[in-house]
Every structure is written in structure tokens, then in C-alpha cells.
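S.K.: Got a sequence here, can you build the structure:
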Amino acid sequence: MSQSGLPVRADRDPSPPRRIAMLGGTFDPVHHGHLRSAVELREALALDEVRLVPASMPPLRGEPRVSPADRLALLRLGIGDTPGLVADSRELERDGPSYSADTLASLRREFGREARLVMALGHDAFLRLADWREPQQLFELAHVVVIDRPDHQAALPEALIELLAGREVDDVEALMVRPAGYLLRLRLPSRMAISATEVRQRLAAGRSVRYLLPEAVEAQLLSRDLYRHG
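M.R.: Sure thing, here's the model as predicted:
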């Protein structure tokens, strides 16, 4: 009872929907650019988790240089105890190519239809989005957040413009109104210009990769001679 003598009504508001992002890639190998982007993405979107999902067989890229098990182990080493970052192995446990629509469908089943599900991707991958398998289904399952590059002024392909019609929003609040269906362009503070290709080339040549990736990842790469011959 309240001081007025009226019964106090229990708060019936449900807990807010969970906010989950998928950040895919080969992570060949994981480096500070991947990890810092994941941390800043979580902060910018107020996410509960960022799921870093290594691809087993990326449909639009070449074969990764080391085994899926090694890339996953390195990713887990790199993440360590960072709050809110999760190394997610679901694409490595499926047969066949790693299609994002299948991964998002799996995440949607796991977290429920009200969860705010986000697929985050870089600008280069975004420009090819209309070429992905079932691109419309991506928006049925999740929002798309593009980690923008301020120096990238390339015009969007016509097929991509058609795919995005009516979907773009200007801020996180508008994005999170619905569980899926919108596009947000996001500029992260650090924008580390680290390339996995450059890391592999340096390792193959026996050159230093210090400060390009976490120390635990570097130590494992060097102790096992991964990427050394290439």
C-alpha cells in the first residue's frame, strides 16, 4: 500500500530487448583493428554483446591462410576478458559456405524475435552487399550498421541503392525502435588502419608485428610459426 492508501501497482514493463551485434570476418589473423572496432561498436550502440564470428568458407573471399580452429583460438586469445565481446564459433560448426543470412537466422532463433539484432560490416563489404545471397533477407533478420570510412566517397552501385531504399536512419535511437530492417552509417572514433593482409606479409617476411595485434596473439603466432611461410 502507498501512503495514500491505494495499492501500489507492480511495474509491468518488460525488460528492454537485448541488443546483439554480429561482426563477421575471416580474422586471418585477428588484430587490434578488429578488436577496437568491436569495443567502440558496443559503446556506440549500447549493445549487450558483440559476437565476433569467424567465417569458415567466406563466399566472396579467398581461402583463409590457417585452419578455422587456429583462427578461432587466436580470436579467443585476442578477446581475453574484454566485457561484451564473444568469440562465436557457429559458422565454423556448419558445413558449406559461411552465408550471413544463415548466421543471422541462427542468432535470431537464439535471442528471440524482439531482440535488436545488428549486422556490422565495413564500408568495402557494404558496397558489395547487393551481391550477397538473399540480401533482402538480411534486413528481415537484422539491422545493418556500416562502419564508415571518412575518406571513402565512391558512389553506391544502383542495385545497392535499390536495396537500401527507405531503410536508412540517422541515429541509434531510430535504429533501435524495431528489431530489424534499418541501415545506419556509423563512424567510430579510432578507425585503426590495420590490415590483416599487412600482418600476414610481415609475419611471412619475419618482420615485427608488435602493437598491431594483442601480445597473446603475437606470442601464439610466433611460437607456432603460423603465417611464417607464405
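S.K.: Need the nearest residue in space to residue 113, chain neighbours excluded.
M.R.: residue 179 (6.4 Å; Cβ to Cβ, 6 or more residues apart in numbering). Backbone N, C-alpha and C define where each C-beta goes, glycine included.
S.K.: How about residue 188?
M.R.: residue 40 (4.3 Å).
S.K.: hang on, that neighbour in a strand?
M.R.: No. With DSSP: H, G, I helix; E, B strand; the rest coil as the criterion, residue 40 is located in helix rather than a strand.
S.K.: what about it, how many neighbours?
M.R.: 19 (other Cβ atoms under 10 Å).
S.K.: Return the distance of the residue nearest to residue 113 relative to residue 140.
M.R.: 10 Å (Cβ to Cβ, to the nearest Å).
S.K.: Comparing the two, which shows the higher neighbour count?
M.R.: Applying other Cβ under 10 Å to residue 179 and residue 140 shows that residue 179 carries more neighbours, namely 18 against 13.
S.K.: is it true that that one touches residue 111?
M.R.: No. With contact defined as Cβ atoms under 8 Å, residue 179 does not count as touching residue 111 (9.5 Å).
S.K.: Common neighbours of these two, please.
M.R.: residue 117 (Cβ atoms under 8 Å, 6 or more residues apart in numbering).
S.K.: any chance you could map the strands in the protein?
M.R.: For the chain, the strands defined by DSSP state E occupy 19-25, 49-54, 85-87, 116-122, 143-147, 183-186.
S.K.: What strands flank the shortest one, and is each parallel or antiparallel?
M.R.: Within its sheet, and counting by DSSP bridges, strand 85-87 is paired with strand 49-54 (parallel).
S.K.: Restrict the strand it pairs with to CA atoms and write it as PDB.
M.R.: C-alpha atoms of strand 49-54 as PDB (Å, rounded to 0.1, in the frame of the first residue of the first chain):
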ATOM      1  CA  GLU A  49      27.200  -8.300 -26.800                       C
ATOM      2  CA  VAL A  50      29.200  -8.100 -29.900                       C
ATOM      3  CA  ARG A  51      29.600 -11.600 -31.500                       C
ATOM      4  CA  LEU A  52      32.800 -11.900 -33.500                       C
ATOM      5  CA  VAL A  53      32.000 -14.700 -35.900                       C
ATOM      6  CA  PRO A  54      34.900 -16.200 -37.900                       C
END
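S.K.: Lovely, talk soon.
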